[in-house]
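1. Just a sequence and a predicted model for now, questions to come.
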Amino acid sequence: MSSGGRTKIAELLQSKTAIGTDVVVKGWVRTKRGNKNVAFIALNDGSIIHNIQIVADVNKFDESLLKNITTGSCIKACGKLVESLGSGQPVEIQAESIEIYGTTDASYPLQKKGHSLEFLREIAYLRPRTNTFGAVLRIRHAMAFAIHKYFNDHGFYYLHTPLITGSDCEGAGAMFNVTTLDLNNIPKTEEGKVDYSQDFFGKPCNLTVSGQLEGELGALALSQIYTFGPTFRAENSNTPRHLAEFWMIEPEVAFYELEDNMELAEDFLKYLIQYALDNCQDDLQFLAKMYDNELIDRLKFVVDNDFVRLDYTEGIDILMKSGVKFEFPVSWGLDLQSEHERYLVEQHFKKPVILINYPKEIKAFYMKLNDDGKTVRAMDVLFPKIGEIIGGSQREENLDKLRQRVEEVGVPEKDIWWYLDTRRWGTAPHSGFGLGFERLLLFVTGMSNIRDVIPFPRTPKNAEF
């Protein structure tokens, strides 16, 4: 199918039947080289990592036109698709006519040389034009599609949960406030506090940290739902693993116990990674060559291995007996750092690990208490290279136990009365988990900084473009 009167470069490079026909391509020039007789133009339109070579007989074209075809310029080229004699590409185009849509000059930031990822973050509005970010963004699309396909094919319903919320799901406290009050002239109550009754929603509101609590409401009616949308954390974390705005996938399933939840997480992850291996091979091979030569082996490693189910208490025991001097000390009751998670996966088991039954003190209020009274039915899926990729749990469906936990952690009942009501009326066992979309993409692309797997990263002191 032609779009905008052109054939996509991906189709021409993969087609056996188009050779000998007249074609039209449109795209951005990566390079131009040649001699006084012939010019070779490498053109890319974003449909595939590879460029198509356009061969222009210098005598057929106006000299000033060829001079204006520079790196970054946008052109339309018409000509015959022929087998390529040069190595590196199966076909090329013998140009009959060329039209320039947009020129560049020497100040164009993406000249033909290697650019650091740090530099490219400063010009995030242009970086999709590089091979690296073209590959990452195509893989990002493929993974988003595969997520919807997986859940649709398994009978889940896509539930849109609110981005503006009056509750703090995790009790984390690191939330962005949403207000229309004049910050230079904030209305106050008689006690001197902010008078939220004059605000847009009539009460304090925030951007959501998770769709889970509302997702549970959907699961307790539709049985199986998933959310997939942006979430926001106002943590001042300037690390390669944290963003202030990122995307989360959160399935929630009625009648699932912890074991069912683990099976869903493993099956889901394997499906997504297999989908990338089956559909993103060109981009994966490019990223493997440029950044991480173990990438494809690591993806296959996850697909080919059964995930180990490991009790937190046993995991702590393994770490304490390992003889390894970790940067963060290990003891029962502490949350694991990614160095501990990676040791269990990469060194000890040499398989992905699902760690379960964490101490209740380090987990959220909604997780189901085990019979020992000390641990909860939590699960974290741990992967090589990145540590935790999924966090989830069986939820506490017992009203009295849930109220007790809410009180212990200090969440005001007035904020989540509706959530407690689901345990009051027709409660049911249910479970779910959260997958950070960008964490998944870090794993699938082999990139090492989370700012490089989202088009426009939002981090402390940075909200450009």
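-> That came through, no problem. What you are looking at is a predicted structure, and each value in this text was computed from that prediction instead of being measured.

2. And the residue lying closest to residue 360 once chain neighbours are set aside, how close does it get to residue 238?
-> Of all residues not flanking residue 360 in the chain, residue 376 sits nearest, at 4.7 Å (Cβ to Cβ, 6 or more residues apart in numbering). All C-beta spots, glycine's among them, are computed from the backbone N, C-alpha and C. Distance of residue 376 to residue 238, given as Cβ to Cβ, to the nearest Å: 31 Å.

3. Ok, residue 265 next?
-> 29 Å.

4. So the two - more neighbours on which side?
-> Between residue 265 and residue 238, residue 265 has the larger neighbour count (other Cβ atoms under 10 Å), namely 24 against 10.

5. Who are the packing partners of the strand or helix carrying the more buried one?
-> Element membership for residue 265, per DSSP states H and E: helix 258-279. Under the contact definition 3 or more Cβ pairs under 8 Å, 6 or more residues apart in numbering; DSSP states H and E, helix 258-279 sits against helix 131-153, strand 245-254, helix 295-304, strand 353-359, strand 375-383, strand 387-394, strand 430-436, helix 437-445.

6. what residue ranges in the stretch 301-450 of the chain are flagged as low confidence?
-> For the stretch 301-450 of the chain, no stretch is flagged by pLDDT under 70.

7. and residue 277, what does it touch?
-> 284, 296, 299-300, 303 (Cβ atoms under 8 Å, 6 or more residues apart in numbering).

8. between those residues, which is closest to residue 428?
-> Distance to residue 428 across the contacts of residue 277 (Cβ to Cβ) is lowest for residue 303, with 32.8 Å.

9. Surely that closest one touches residue 271?
-> No - using Cβ atoms under 8 Å, residue 303 is not in contact with residue 271, being 9.1 Å away.

10. which residues touch residue 373?
-> No residues are in contact with residue 373 under the rule Cβ under 8 Å, 6+ apart.

11. does it count as helix, strand or coil?
-> Secondary structure assignment for residue 373 (DSSP: H, G, I helix; E, B strand; the rest coil): coil.

12. go on, residue 206?
-> Residue 206 is classified as strand under three-state DSSP.

13. Can you pull the phi/psi pair for the nearest residue to it once chain neighbours are set aside?
-> Counting by Cβ to Cβ, 6+ apart, residue 175 is the residue found nearest to residue 206 once chain neighbours are left out, at 3.9 Å. Phi and psi for residue 175, reported as degrees, to the nearest 10, are phi -130, psi 150.

14. Would you quantify the distance from residue 175 to residue 131?
-> 38 Å.

15. go on, residue 372?
-> From residue 372 to residue 131 the distance is 53 Å (Cβ to Cβ).

16. between the two, which one's more packed in?
-> More neighbours surround residue 131 than the other of residue 372 and residue 131, with 16 against 10 (other Cβ under 10 Å).

17. and the more buried one, what does it touch?
-> With contacts defined as Cβ under 8 Å, 6+ apart, the neighbours of residue 131 are 49, 286, 290.

18. Equivalent analysis for residue 309, please.
-> For residue 309, the contact set (Cβ under 8 Å, 6+ apart) comprises 262, 354, 356.

19. go on, residue 301?
-> Per Cβ under 8 Å, 6+ apart, neighbours of residue 301: residue 384.

20. which non-adjacent residue is nearest the residue of the chain most remote from its centre?
-> No residue in the chain has its C-alpha farther from the mean C-alpha position than residue 59, which lies at 49.0 Å (Cα atoms, centre = their mean). Closest residue to residue 59 apart from its sequence neighbours, by Cβ to Cβ, 6+ apart: residue 37 at 7.4 Å.

21. Residue 60 is in contact with the one you found, correct?
-> No - when contacts are counted by Cβ under 8 Å, residue 37 is not listed as touching residue 60 (10.7 Å).

22. If you count surrounding residues, which of the two has more?
-> Per other Cβ under 10 Å, whichever of residue 37 and residue 60 has more neighbours is residue 60, with 12 against 8.

23. pLDDT value on that one, please?
-> As predicted, residue 60 sits at a pLDDT of 96.

24. Let's see if you can find the most crowded of the contacts of residue 131.
-> residue 49 leads the contacts of residue 131 on contacts (other Cβ under 10 Å) with 19 neighbours.

25. Angles on the backbone of it, please.
-> Torsion angles, degrees, to the nearest 10, at residue 49: phi -70, psi -30.

26. From residue 71, how far off is it?
-> Residue 49 is 17 Å from residue 71, by Cβ to Cβ.

27. swap in residue 135?
-> Distance from residue 135 to residue 71, by Cβ to Cβ: 19 Å.

28. neighbour count winner among these two?
-> residue 135 (23 against 17).

29. Which residue, neighbours along the chain excluded, lies closest to the more buried one?
-> Nearest to residue 135 is residue 283, by Cβ to Cβ, 6+ apart, at 3.8 Å.

30. quick one: the one you found and residue 140 touch, right?
-> No - with contact defined as Cβ under 8 Å, residue 283 does not count as touching residue 140 (10.2 Å).

31. just checking, residue 89 touches residue 9?
-> No - using Cβ under 8 Å as the test, residue 89 is too far from residue 9 to be in contact (10.5 Å).

32. who touches both of these two?
-> 50-52.

33. and residue 344, what does it touch?
-> Per Cβ under 8 Å, 6+ apart, neighbours of residue 344: 310, 315, 318-319, 353, 355, 382.

34. To which secondary structure element type does it belong?
-> Per three-state DSSP, residue 344 ends up helix.

35. now it: how far from residue 351?
-> Going from residue 344 to residue 351 by Cβ to Cβ gives 9 Å.

36. Regarding residue 339, which helix or strand does it belong to?
-> Since the elements are taken from DSSP H and E, residue 339 ends up inside helix 338-342.

37. From the contact counts, what lies against that helix?
-> Against helix 338-342 (3+ Cβ pairs under 8 Å, 6+ apart) you get strand 375-383, strand 387-394.

38. try 6 Å
-> strand 387-394 (3 or more Cβ pairs under 6 Å, 6 or more residues apart in numbering; DSSP states H and E).

39. which other residues reach the strand it packs on?
-> Residues outside strand 387-394 that contact it (Cβ atoms under 6 Å, 6 or more residues apart in numbering): 257-258, 261, 265, 338, 341-342, 367-368, 377-383, 431-435, 439.

40. go with 7 Å
-> Outside strand 387-394, the residues within contact range by Cβ atoms under 7 Å, 6 or more residues apart in numbering are 257-258, 261, 265, 338, 341-342, 367-368, 376-383, 429, 431-435, 439-440, 443.

41. swap in stretch 316-326?
-> 330, 332, 339-340, 343-344, 348.
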